[in-house]
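Asker: okay, predicted coordinates and the sequence, questions at the end:
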2 protein chains.
Amino acid sequence: LTFGHRLAQAVRTTGAPLCLGLDPLPERLPSAMKARWQGLRGEALRGAQAEQVYLFNAAAIRAAQGRLPAVKLQFAFFEALGHAGWRALEQSCRAAREAGLLVIGDGKRGDIDSTAAAYAQAALDPEGPLGCDALTVNAWMGRDTLRPALEQCRSHGRGLFVLVRTTNPGSAEHQLAGSPSGAERMAALVAELGPELVGPEGLSSVGAVVGCSAAAEAQGWRAAMPQAWFLVPGLGAQGGTAAQVLAGRRPDGLGVLGAASRALLYPSEPSPEWELRPQDWIARQVERLVAELREIQG
Amino acid sequence: LTFGHRLAQAVRTTGAPLCLGLDPLPERLPSAMKARWQGLRGEALRGAQAEQVYLFNAAAIRAAQGRLPAVKLQFAFFEALGHAGWRALEQSCRAAREAGLLVIGDGKRGDIDSTAAAYAQAALDPEGPLGCDALTVNAWMGRDTLRPALEQCRSHGRGLFVLVRTTNPGSAEHQLAGSPSGAERMAALVAELGPELVGPEGLSSVGAVVGCSAAAEAQGWRAAMPQAWFLVPGLGAQGGTAAQVLAGRRPDGLGVLGAASRALLYPSEPSPEWELRPQDWIARQVERLVAELREIQG
């Protein structure tokens, strides 16, 4: 089964075009967890933080189970905790998989030759340490950087999300320069690579990262990449709205997967419930946001 | 002390514009090392491979000590071994630092906001797990992706090598498209960020990755980025020559740092000496290549 098909099934089953982003910032965990590393430093600190990060992720994963099709793990936050963080990343991927969630690795990796193969092995190989279902990639070095990951898509039903258009302050610099622009060239690459890996819904395993506040452009990106899943980060924390996330969907409602992280994981004001039962609190945020998305989707 | 200055001092002291690339592929290690993981699978396999990778790196680091200014660690190959690989990466960084070598992390990381900060913390922060002296970065998402790493450059004497021009088969796709081209825009960014972090030699801590076989363009890149250190990968294995590596140097001979990995680490034909004493074999390859570079440099 292709990733594009598996994601379509999971979005239909849950009725939720949304994944939970696991961006675990130790300093934002509940107080009882933070107490576990008081006074520690260096490797001991990172080890204690990584343990709590995994436990918090496990609670978030239980909250997402059955409600959402997927989780997205931001590699950087695990990497900041060194090898202990990478262990927590491996544990979190396994827990998500066992909970029946698709696992999207947000690594934005991009390199060539055997280096690209090593990144694909790390993130996507079923025998590798993470075994993610999909990986975000940066193809600025050229389409040959994608070859090993595409091989994982073919052999093991994995997927890719190629960075096409982000919406951070500096994003225009390269993405909107030239004609065709950088983002348009990336979109053309996604459209070109897609057909080989299209599932019965007409959606490919080669998807695109398309930022949330690019909603005004969303139908243009849809026309440029008719078969691509759009991974749309930035819902909530980066100011994106549910309507913006859905702006690039196909007429049948499929084709976009929003990602929300901090808005679902951490309360903006002190919350005794979250401190004591983060799983329940997160589950409620997830349900609230899914309801909002469904209402817009109609 | 700025990274640009520290690198200039180290290149002058050793007389070698070259760093040893540690791209540890388990299947290419000496037979006695490979015997340690026979019959193992999954996490046990990765753990045993990571241990041997570290031991091999330690031998390579001793071979580089006093002969070269720096080592470059390719994160992908460690990442493929999961958390055990990340532990070996941390150990290798520490061993290189203790051997008096500058440590360049080749991660080609690139992301935004707190994610970029987490990558900078992972690779560059003195309190972080790796404590590299410099990091390769992919700035396609825009200059704001560099902000946290630049802060590490200012506060802790760290350095960056921004991907400007690579020479893999697909590299032209984005790097040579448009006018100014993608690579020219990246070079302009390097030139713009550099002056703040220039050392007494006139070389900045904000450097550029400029591929080896772009030698014909090298003086053009030098004119575009007069203060930048060029990290020039691909010497040996990717077909680059010593003359190509040096093509972008300044009139005083400084400004380029070649990187050779597999040509220095692994014999192309069976070698009993390498099997038994990899350190001695690698030291000889390093000396041979340094002599070749010096001869061209005149």
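Answerer: Thanks, I have the structure now. Here the structure is a predicted model, which means the values were calculated and not measured. Numbers count the residues shown, from 1 in each chain, chains lettered A, B, ... in the order given.
Asker: now do the end-to-end distance for stretch A:245-253.
Answerer: 12 Å (Cα to Cα, to the nearest Å).
Asker: would you mark the buried spots in that stretch?
Answerer: Buried positions in stretch A:245-253, judged by neighbour count with 16 or more other Cβ atoms under 10 Å in any protein chain shown: A:245-249. Using the backbone N, CA and C atoms, a C-beta is placed for each residue, glycine as well.
Asker: test my guess that A:C153 contacts A:G194.
Answerer: No. The pair A:C153 and A:G194 fails to qualify as a contact (Cβ atoms under 8 Å) at a distance of 10.4 Å.
Asker: overlap in contacts of these two?
Answerer: Common contacts of A:C153 and A:G194, defined by Cβ atoms under 8 Å, 6 or more residues apart in numbering or on different chains, comprise A:205-206.
Asker: low-confidence stretches in the stretch 151-298 of chain A?
Answerer: Applying pLDDT under 70 to the stretch 151-298 of chain A flags residues A:237-238.
Asker: how about the residues of it by chain B?
Answerer: Residues of the stretch 151-298 of chain A lying near chain B by Cβ under 8 Å from any Cβ of the partner chain: A:163, A:166, A:168-175, A:177-180, A:182, A:185-186, A:189, A:238.
Asker: residue of the stretch 1-150 of chain A nearest chain B, please.
Answerer: Of all residues in the stretch 1-150 of chain A, A:G142 sits closest to chain B, at 2.3 Å by Cβ to the nearest Cβ.
Asker: correct me if wrong: that residue contacts B:A177.
Answerer: No. Here A:G142 does not reach B:A177: they are 10.8 Å apart, not a contact under Cβ under 8 Å.
Asker: in chain A, what residue spans correspond to helices?
Answerer: Here chain A has its helices, by DSSP state H, at A:3-14, A:31-34, A:42-64, A:75-79, A:82-98, A:113-124, A:147-156, A:172-175, A:182-193, A:218-224, A:242-246, A:262-265, A:272-276, A:278-297.
Asker: same list, those helices, but as a markdown table with distance to B:L29 please.
Answerer: Formatted as a markdown table, the entries for the helices of chain A read as follows, by distance: least, Cβ to Cβ, whole Å:
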| stretch | distance to B:L29 |
| --- | --- |
| helix A:3-14 | 33 |
| helix A:31-34 | 40 |
| helix A:42-64 | 26 |
| helix A:75-79 | 25 |
| helix A:82-98 | 20 |
| helix A:113-124 | 15 |
| helix A:147-156 | 21 |
| helix A:172-175 | 39 |
| helix A:182-193 | 34 |
| helix A:218-224 | 45 |
| helix A:242-246 | 47 |
| helix A:262-265 | 41 |
| helix A:272-276 | 48 |
| helix A:278-297 | 44 |
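Asker: what's the local residue count around the nearest residue to A:E79 once chain neighbours are set aside?
Answerer: Nearest non-adjacent residue to A:E79, counting by Cβ to Cβ, 6 or more residues apart in numbering or on different chains: B:A122, 4.1 Å away. The number of residues packed near B:A122 is 28, by other Cβ atoms under 10 Å in any protein chain shown.
Asker: now for B:A122: which residues touch it?
Answerer: Contacts for B:A122 (Cβ under 8 Å, 6+ apart) come out as A:76, A:79-80, A:82, B:128-130.
Asker: and if you look at A:G159?
Answerer: A:G159 makes contacts with A:2-4, A:7, A:133-135, A:153, A:205-207, A:229, as judged by Cβ under 8 Å, 6+ apart.
Asker: out of the buried residues of stretch A:245-253, the closest to B:A259 would be?
Answerer: A:G248 (40.8 Å; Cβ to Cβ).
Asker: check the gap between that closest one and chain B for me.
Answerer: Computed with Cβ to the nearest Cβ, to the nearest Å, the distance linking A:G248 and chain B is 19 Å.
Asker: how about the contacts made by that residue?
Answerer: When contacts are counted by Cβ under 8 Å, 6+ apart, A:G248 touches A:210, A:215, A:218-219, A:221-222, A:230, A:232, A:255-256.
Asker: which one of the contacts of A:G159 is nearest B:Q285?
Answerer: Within these, distances to B:Q285 taken as Cβ to Cβ reach their minimum at A:L135, with 34.8 Å.
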